[in-house]
Every structure is written in structure tokens, then in C-alpha cells.
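Student: with the sequence up front, the predicted model follows.
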Number of protein chains: 2
Amino acid sequence: MTKIATPSLRERRKAETWTALHEAAASLALERGLEHATVEAIADSAGVSSRTFFNYFRAKEDAVLGLQEPVLDPQLLSRISPRVDLVGQVSRLLVAVARTALGSTDARRRRQLMAAYPHLAQRQMEYMVKAEALVCEAVASVLAGDPSWAAGAEGFGADDTARMLVMIAGIPVRFNLTSAGYDPVRGLRPEDLDPSLALLRQIQRKLS
Amino acid sequence: MTKIATPSLRERRKAETWTALHEAAASLALERGLEHATVEAIADSAGVSSRTFFNYFRAKEDAVLGLQEPVLDPQLLSRISPRVDLVGQVSRLLVAVARTALGSTDARRRRQLMAAYPHLAQRQMEYMVKAEALVCEAVASVLAGDPSWAAGAEGFGADDTARMLVMIAGIPVRFNLTSAGYDPVRGLRPEDLDPSLALLRQIQRKLS
DNA sequence: TTTCACAAATGCAGACTTGCAGTTCCGCAA
DNA sequence: TTGCGGAACTGCAAGTCTGCATTTGTGAAA
């Protein structure tokens, strides 16, 4: 028997309203333009009041893209082993967490919207930052349990080391997200990181 | 005869209004709390209309901190030599540019405000992002003129290389800005970067 | 000196966002 | 089945922010 057998009526209705709002926001934005898709119109279209809209989404942009708070699956964390390709592992973890913030949306629509309104991408980036913070905390706890990292570096603690490590691992992710070739429809996939991880290694070698 | 001998009356009045608004915003926020210092009150106190307030500042927070658009001095750029400690040089350039976004404010007041309202610091970080974008473009042009970097790396162009390099150089800056010991009053100074640059090098050595 | 172009300021209207208080209705336990 | 506590919804009011049309006053040219 799985946990998600029968969500209560309350939860079901909540999910329905979320979807209705997201759906309304995306399609209205597409058909009449983002600036003419007012919150009031979106809420009306979903059958709730404007005020309720903001109980579901912090901002209109979030509703259009279907953005949610990112979540870190503990399973993924337990699979991290600090010995080999740590940057690669953390980068992929970042991507996995970041993906949880993206609700499912019709691919075609998503492409059109993000192409037409660049600040939607910026909004998405803010969720990326949240994901980074989440991962940062988690990685710190992993490193604390590993003898070769627990000590930290000279003049810095293990937390500082973890924080900087996550920043380094964030580079390939941010690089991909800001690349011209980035396809917001597919989103970012762990394997997409390989080229930018290679570039990072190349630059580091060149610098030293 | 310097260029700034006599700014026109227009420019002088503009600067005066800017200062008056910033002054009013900071002191009102301090004495009655940020949320009770409304834009209308700030504008009144500076002797202009609410609408005019937004001709000078994008948001109330910017007025309180006296934030401006960051600027890159071409002189600094011309001093970059891509051969030695490139990351360090770009990091310091980032700091220099970021500092141009911070208008002069009374130190005591600044400390109190940023301590009381953490989202002011977040707002400041957004200007940091702009500075990074500015530097990124500039560094790309510098690297393009250097034979050992102009080619880029395999599979990537020189612009990509520059972009990632600036991201790497941004790490020590972001690290310092998010450190517990960061003092928003003094702001960030180029020499503060040395320890975090060392930490970055240490971690990179450990990873390879 | 007069005139002209333009930057700055303003009022107004409308949209976004949040806090507060009151109401409705689901879920649970007696 | 009933009743209760709390979650969700709602309207309202205040504040933030932007676009547009209009006015005012400065700086410069004629």
C-alpha cells in the first residue's frame, strides 16, 4: 500500500486549484500576452478570487511557469561519495533539485512564453538559487562525515569549504542555463552538464 | 580644466534630488521602520511627488541604500594582463565594479538598516549580478585579444571561456558577501578577497 | 532676446502584492 | 451524527510600481 493511495478531498482540491491556476495563467499569457493576462482574469478563469491566487503562487510569473518550491530527495544525497568527481556529483545533484521546482507544462507553450518574456527566465533563476542553498546545507553535512574533508581547509571550517564547493559545482549549471543553446522545453538534464564540466576542468588546468 | 568643473544646473539639481530622496529614505526608514516609511512620505520629505521618486529609484530599497547602476571604468580594464593570477585580477575587478553601485551612506545608519532588514542585502546582491554581467562582456573582449585565450577551448568559443572564467572569479566575491563575517558598512574591499582566493585554490588542488 | 527642443516633474489610471478580519467548509473525534 | 478546530477562501484597504499624457523650466540655437 503506497502512501499516496487516496489524498484527502482537501488535498485533491488544492492540487486541482493549483493546476487550474497554472493552466489559466499559461494559456491566457499565451493568447493575450503576459501583460494583458491580469491576475484577476487568471483567478476568474480558474474560479477563485484574486486573493486566493496569491495563496498558491508568490507572483504571476510563477503561475505562468508553474514554479514550485524545490525539494531535495534524501535518497540522492545518500548516494554521494566524496572521493571521485565530487564537482560532477554535486552539479548533478543541483540539477536534480532544480528540476523539482519546475512543474510540468506543455513543452510548446513553455518555449513560446520564455522566448517572448525573458524575465520569466530570470524568475526561474531565482528558484535555482534556492536550490543551491538547499544543496549547500546538505553537502556540508555529507562532507562533515568524510575524514578527508571534515577538517576543512586552513583558516576555514568545513561549512565554508562546502559552501565554496557548491558554488564551484553551480558553475556548470549556471553556465548551461545561460547558454544560447539552452532549451527551456527539455529543461536541464544531468547529462547536459558533461561538456561544461569538461570546460571547467580545462580552464582550471590552464589557470594553474 | 576637468570635465566636472561645472555640471549644469540641471545636473546639479538632479544630484540634489537624488541625495535628498536617499537621505529621506534612509533616515525615515531608521526612525519609523522600513515598512512605515512609505514612498509617499519619502517623496514628500524630499519635496517631490511620489511619481518622481520612481524616476530616481526602481524601488524603495534602492533609495534606502542609495544604490545606483554599476559602472566599469575602462582604465581598470586596460590594466588586466591575462598571464598571471587571472582569477584574482578578475575578482578584484568585479569588486571594483560592484562598489560603484554603492552610493555613499552614513556607515552607522547603513549597518543598522542592513542588520534590521535582511532583504536589503538581497537587493544589493542583485546589483552584484549586474556588475558580473558588465565584467563578463569586458573580460571577453580582453581575452579575445590574448593569443593564448583567443582560441577558446575545444568545443567552446572564446566568449564561453570568458563567461565561465568570470563565474569562477565571482566565487570568491560571492563567498565573501555571504560570509557571516561580512561587514556591509565597510563594503567589500579588493584585499578582503585574498583568503577566499586561497581557499578556492586549495579546494581546486584537492579536487584534482 | 526670442524661440525651440528636450529633460524632468507631475497627475492619473491600472496592475501587482500583502496584511487583516470575517466566513465557509473539510477532517476528525466524541 | 454532531460539534469543534483549523485550513482555505474571500473582500477590503494600503502600499508598491509602471505607462501615458501633460506641463514646466533649462540650455542652446537663431
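Tutor: Structure's in. What do you need?

Student: the stretch of helix or strand residue A:61 belongs to - what's its average pLDDT?
Tutor: According to DSSP states H and E, residue A:61 maps onto helix A:60-65. Regarding helix A:60-65, the rounded mean pLDDT is 94.

Student: hmm, who's touching it?
Tutor: With contact meaning CB atoms under 8 Å, 6 or more residues apart in numbering or on different chains, helix A:60-65 is reached by A:21-22, A:25-26, A:29, A:34, A:37, A:39, A:42, A:53, A:56-57, A:67, A:102-103, A:105, A:110, A:113-114, A:119-120, A:123-124. No exception for glycine: its C-beta is placed from N, CA and C like everyone else's.

Student: now, these that are in helices?
Tutor: A:21-22, A:25-26, A:29, A:39, A:42, A:53, A:56, A:110, A:113-114, A:119-120, A:123-124 (DSSP state H).

Student: so which of these reach DNA strand C?
Tutor: Contacts with DNA strand C are made by residue A:39 out of those, judged by CB under 7 Å from any atom of the strand.

Student: and the ones in helices among the contacts of helix A:60-65, which is closest to DNA strand C?
Tutor: Nearest to DNA strand C among those, counting by CB to the nearest atom of the strand, is residue A:39 at 3.7 Å.

Student: contact partners for the closest one?
Tutor: So residue A:39 contacts A:50, A:53-54, A:60 (CB under 8 Å, 6+ apart).

Student: what of residue A:152?
Tutor: Here residue A:152 is in contact with A:158-161 (CB under 8 Å, 6+ apart).

Student: mind doing that once more with 6 Å?
Tutor: Neighbouring residues of residue A:152 by CB atoms under 6 Å, 6 or more residues apart in numbering or on different chains: A:158, A:161.

Student: secondary structure class for it?
Tutor: In three-state terms, and counting by DSSP: H, G, I helix; E, B strand; the rest coil, residue A:152 is coil.

Student: per-residue pLDDT, residue A:92?
Tutor: On pLDDT, residue A:92 comes in at 94.

Student: just to revisit the earlier point, can you select the buried ones from the ones in helices among the contacts of helix A:60-65 in PyMOL?
Tutor: Applying 16 or more other CB atoms under 10 Å in any protein chain shown to the ones in helices among the contacts of helix A:60-65, the buried members can be selected in PyMOL as follows:
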select buried, chain A and resi 21+22+25+26+29+39+42+53+56+110+113+114+120+123+124
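
Student: could you pull out the buried residues of the lowest-mean-pLDDT helix or strand in chain A?
Tutor: Sorted by mean pLDDT, DSSP states H and E, the helices and strands of chain A end with helix A:107-116, the least confident at a mean of 80. Across helix A:107-116, burial judged by 16+ other CB under 10 Å covers A:109-110, A:113-114.

Student: repeat that for stretch A:193-208.
Tutor: Judged by neighbour count using 16+ other CB under 10 Å, the buried positions of stretch A:193-208 are A:193, A:195-204.

Student: in helices only, show me these.
Tutor: Within those, residues falling in helices by DSSP H are A:193, A:195-204.

Student: rewinding a little: closest to residue B:75 among the ones in helices among the contacts of helix A:60-65?
Tutor: Lowest distance from residue B:75 to the ones in helices among the contacts of helix A:60-65 (CB to CB) belongs to residue A:119, with 33.0 Å.

Student: returning to that earlier point: just checking, next helix/strand downstream of the helix holding residue A:61?
Tutor: Past helix A:60-65, further along toward the C-terminus, the next helix or strand under DSSP H and E is helix A:74-78.

Student: dump that following helix to PDB, keeping only the CA atoms.
Tutor: The C-alpha coordinates for helix A:74-78 follow below in PDB (Å, rounded to 0.1, in the frame of the first residue of the first chain):
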ATOM      1  CA  PRO A  74      17.400  12.400   0.800                       C
ATOM      2  CA  GLN A  75      17.900   9.200  -1.400                       C
ATOM      3  CA  LEU A  76      20.000  11.200  -3.800                       C
ATOM      4  CA  LEU A  77      22.000  12.700  -1.100                       C
ATOM      5  CA  SER A  78      23.000   9.300   0.400                       C
END
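
Student: what about that helix, average pLDDT?
Tutor: Averaging pLDDT along helix A:74-78 gives 92.

Student: contacts for that helix next, please.
Tutor: Contacts to helix A:74-78, defined as CB under 6 Å, 6+ apart, come from residues A:93, A:96, A:138.

Student: leaving aside the residues adjacent along the chain, what's closest to the second one?
Tutor: Distance criterion CB to CB, 6 or more residues apart in numbering or on different chains; nearest residue to residue A:96, sequence neighbours excluded, is residue A:76 at 5.7 Å.

Student: pick the one among the ones in helices among the buried residues of stretch A:193-208 closest to DNA strand D.
Tutor: residue A:196 (32.7 Å).

Student: could you double-check that that closest one sits in contact with residue A:175?
Tutor: Yes - shown here, residue A:196 and residue A:175 form a contact pair, counting by CB atoms under 6 Å, at 4.6 Å.

Student: residues touching the closest residue to residue A:40 other than its chain neighbours, list them.
Tutor: Leaving aside its sequence neighbours, residue A:40 sits nearest to residue A:50 (CB to CB, 6+ apart; 5.0 Å). For residue A:50, the contacting residues are A:39-40, A:43, by CB under 6 Å, 6+ apart.
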